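1. Sharing a sequence plus its predicted fold:
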Amino acid sequence: MSGPLHTIALDLGGTDLKVARVTRDGALLDFACVPSRAAESAQALLGTLVGAARERLPAAALGIGCPGVIEPASGALVDETPHLALPKDFALAAQLAGELGVAVAADNDANCAAYGEHFAGAARGARVSVTITVGTGIGCGIVVDGRVLRGAWGGAGEISHMGQRSSGPRCKCGVEGCAETTSGGEGLTHRAQAAGLAVGSARDVFDRAAGGDAIARRLIAEMTDALGHQIAAVVQVVNPDVLVIGGGVAQAGDTLRVPVVAALHRYAQHSHTARLRVVPAELGNKAGVVGAGLMAWERVEVR
Ligand SMILES: [Zn+2]
């Protein structure tokens with residue numbers, strides 16, 4: 001078969017759009033990061049996506065990772081997605097395919113990152129991998145025997161909004177005691193601000209803790225305990241052999257990883273954790289485009 005030797009990959013976030021051309025083995029031929037204009041309007045957002053992709057045509061196919069729940073068969077968004085100015089149930093894959101004239105694979109951004117790490121990153125060689133992305137919220141992607149576990153309509157692995165406490169604050173998603181309010185970066189920042197710390201991000205809280213601030217240290221201890229508890233639930237259900245931890249907040253390194261792993265061992269059974277390899281993500285902010293590009297190749301091969 002002859003044809004273009006790359007797919008186009010888009011990794012859409014609330015602030016940035018990452019774009020790359022991806023080879024069959026997951027190597028990037030280029031990489032760029034531009035403002036996504038995701039919250040501005042549907043027109044601005046779609047214009048950004050189509051513009052970034054069109055510059056890289058011709059291509060074998062296009063893959064896009066997007067926040068929210070993506071219906072696996074159609075590539076449409078399910079319901080509305082916070083921070084994206086797109087209508088409810090927007091037909092994302094069909095719209096892009098129509099505008100660009102290429103086959104489009106659309107999936108949740110955390111699923112794309114997990115797929116990238118599974119085949120070209122920290123979880124290479126795993127049979128069952130779980131990739132946790134600790135950022136504003138908590139992303140989770142599950143790959144079983146080489147396939148992303150998507151669930152019936154794309155919602156599998158959405159642990160950010162898993163009810164975790166029987167009495168907790170109601171999250172903006174509507175779930176009571178939602179995990180994200182305790183374990184995500186945004187939740188940590190809000191809790192620190194409520195405790196009187198002048199911080200603007202999770203990184204600020206980690207910096208304060210490194211400087212010896214007792215309140216910051218306590219809040220990070222609570223956050224890492226909650227995150228370990230949340231990951232333990234996934235480990236008990238899925239039984240992975242590799243657990244990848246990445247995302248912006250995970251750049252705190254051992255300050256995050258050590259207490260999270262300790263909590264994981266407290267809250268999950270020895271049978272599930274004894275042989276589990278917990279590793280830092282390898283692909284950094286490129287995991288999403290690597291995964292989306294590889295998913296696009298998969299789309300080419302099933303046609
Ligand atoms: Zn929630």
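-> Okay, I see it. Owing to the predicted nature of the structure, the values given are computational and were not obtained by experimental measurement.

2. tell me the phi and psi of the closest residue to the ion within the stretch 201-303 of the chain?
-> With CB to the ion, the shortest gap between the stretch 201-303 of the chain and the ion falls at residue 230, namely 12.0 Å. Heads up, the C-betas are built off the backbone N, CA and C, glycines and all. Note on residue 230: backbone dihedrals following degrees, to the nearest 10 are phi -70, psi -50.

3. give me phi/psi at the residue nearest the centre of the chain?
-> What sits nearest the mean C-alpha location of the chain, by CA atoms, centre = their mean, is residue 110, with 2.6 Å. With angles defined as degrees, to the nearest 10, residue 110 sits at phi -70, psi -30.

4. quick one: contacts for residue 38?
-> 12, 13, 14, 15, 17, 45, 83, 84, 85 (CB atoms under 8 Å, 6 or more residues apart in numbering).

5. Make TSV from those and add neighbour count and pLDDT to it.
-> Putting the contacts of residue 38 into TSV (neighbours: other CB atoms under 10 Å; pLDDT from 0 to 100) gives the following:
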residue	neighbour count	pLDDT
12	27	96
13	20	91
14	13	87
15	12	89
17	21	97
45	20	97
83	13	81
84	21	91
85	17	93
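
6. Among these, find me the one that's closest to residue 203.
-> Of all these, residue 203 sits closest to residue 15, with 15.2 Å by CB to CB.

7. Just to check, that closest one is in contact with residue 34?
-> No - contact criterion CB atoms under 8 Å: residue 15 and residue 34 do not qualify, at 10.4 Å.

8. Name the helix or strand for residue 37, please.
-> For residue 37, there is no helix or strand it lies in under DSSP states H and E.

9. How about it: what's its closest non-neighbour residue?
-> Distances taken as CB to CB, 6 or more residues apart in numbering put residue 44 closest to residue 37, at 4.1 Å, once the chain neighbours are dropped.

10. following the helix or strand that contains the one you found, which helix or strand comes up?
-> Assigned by DSSP H and E, residue 44 falls within helix 42-54. As assigned by DSSP H and E, the chain's next helix or strand after helix 42-54 is strand 62-66.
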